[in-house]
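Colleague: Generate a structure from the sequence data that follows.
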Amino acid sequence: MLLALIFVRSQKLQFSKPNYPAVLALCAYILGFSHAYISLDAGFGALLLFGAVQSTMFVGAFLQREKLGLQKWIGAGLAFSGLIYLLSPANTGINPLGAGLMTVAAVGWGIYSIIGRGAANPLKDTGMNFLYAIPLVSLALLLFPDNSEITSAGVVLAVISGAITSGLGYALWYAIIPQLQTSTAAVAQLTVPIIATAGGIVFLSEAIDLRFIIATVMVLCGVAVSAYQRKPK
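Modeller: As a prediction, the model looks like this:
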């Protein structure tokens, strides 16, 4: 899908040299997430993923000498507290391997997002990163095969999810993130579970409750506080 869009926009498909750090970070995210999500509680997995992504990107912001004032920390803390309130798992049992893999995935996505701040051509960069990640991911799957049953319906859903929603979503993220500070981008990603839950309410007729409303207000206020900048006088 991404390569087709690149061709439509430029009328040619020119392959660029791989951005090795971006490709490796993307592979870490893909492999870590795909194996971790099947062994973790959905709520705990999401908390671990977004918490570690935020931590990774805040470290990146510090190394980039980005100013991390008290306002940023308050906003990040408020937004993440809202996420904890929404997703706190009822099951306290934690799979250590799954937690480790989810952490690897989170660090990979955090690094991939930081690298994306320098993307000159978001659509092409995303397409090339995924293209060069295919051999590495395929090799890993051959060395560590998954015993899960593959069905035709599963393949179709995976293609739709990967090509249409995920691929285009990653390209959009690479287009947006250069306009944001690293720390602001880290906090902004905490809205993803809120958006996903809202999608379930709208499209799947899931019930809306007070817990979701409170969590949404906390996350959105946290993002707003973190992103707010006073206009220079």
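Colleague: Point out where this protein drops to low pLDDT.
Modeller: Along the chain, the parts satisfying pLDDT under 70 run over 1-14, 89-93, 146-149, 162-165, 167, 230-233.
Colleague: Swap in 50 and give it another go.
Modeller: Within the chain, the ranges that satisfy pLDDT under 50 run 7, 11.
Colleague: Next up, the contacts around the spatially most central residue of it.
Modeller: Against the mean C-alpha coordinate of the chain, by CA atoms, centre = their mean, the closest residue is Trp109 at 5.9 Å. Taking CB atoms under 8 Å, 6 or more residues apart in numbering, we find Trp109 in contact with 25, 29, 49, 53, 56. No exception for glycine: its C-beta is placed from N, CA and C like everyone else's.
Colleague: Make JSON lines out of those and add neighbour count and distance to Leu86.
Modeller: JSON lines is the format used below for the contacts of Trp109 (neighbours: other CB atoms under 10 Å; distance: CB to CB, whole Å):
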{"residue": "Ala25", "neighbour count": "24", "distance to Leu86": "27"}
{"residue": "Tyr29", "neighbour count": "23", "distance to Leu86": "22"}
{"residue": "Leu49", "neighbour count": "25", "distance to Leu86": "14"}
{"residue": "Val53", "neighbour count": "26", "distance to Leu86": "16"}
{"residue": "Thr56", "neighbour count": "23", "distance to Leu86": "21"}
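Colleague: Secondary structure and distance to Phe144 for these - can I get that in CSV?
Modeller: Converted to CSV, these look like this (DSSP: H, G, I helix; E, B strand; the rest coil; distance: CB to CB, whole Å):
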residue, secondary structure, distance to Phe144
Ala25, helix, 19
Tyr29, helix, 16
Leu49, helix, 21
Val53, helix, 24
Thr56, helix, 24
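Colleague: Pick out the most distant pair among the residues you listed.
Modeller: Ala25 and Leu49 (14.4 Å; CB to CB).
Colleague: what are the ranges of the helices in this structure?
Modeller: Per DSSP state H, the chain carries helices over the ranges 2-10, 20-36, 42-63, 70-87, 96-116, 122-143, 152-160, 167-176, 182-188, 192-203, 210-227.
Colleague: Can you give the distance from the shortest one to the centre of its chain?
Modeller: Think helix 182-188. What separates the centre of helix 182-188 from the centre of its chain is 12 Å, taken as CA atoms, centre = their mean, to the nearest Å.
Colleague: Gly154: neighbour count?
Modeller: Here the neighbour count serves as a burial measure; for Gly154 (other CB atoms under 10 Å) it reads 11.
Colleague: quick one: it from Met102, how far?
Modeller: Noted for Gly154: a distance of 22 Å to Met102, by CB to CB, to the nearest Å.
Colleague: same check, this time on Ile195
Modeller: 20 Å.
Colleague: who's more crowded, the two?
Modeller: Residue environment comparison for Ile195 versus Met102 gives the larger neighbour count to Met102, 26 against 10, counting by other CB under 10 Å.
Colleague: isn't the more buried one right up against Leu48?
Modeller: Yes: counting by CB atoms under 8 Å, Met102 does reach Leu48; the two are 4.9 Å apart.
Colleague: which residues are common contacts for these two?
Modeller: Jointly contacting Met102 and Leu48 under the rule CB under 8 Å, 6+ apart are Leu40.
Colleague: Can you say which of the helices of the chain is packed in most?
Modeller: Mean neighbour counts were compared across these using mean count of other CB atoms under 10 Å; the top stretch is helix 182-188, at a mean of 24.
Colleague: Correct me if wrong: Lys124 contacts Asn19.
Modeller: No: assessed by CB under 8 Å, Lys124 is found out of contact with Asn19, at 11.0 Å.
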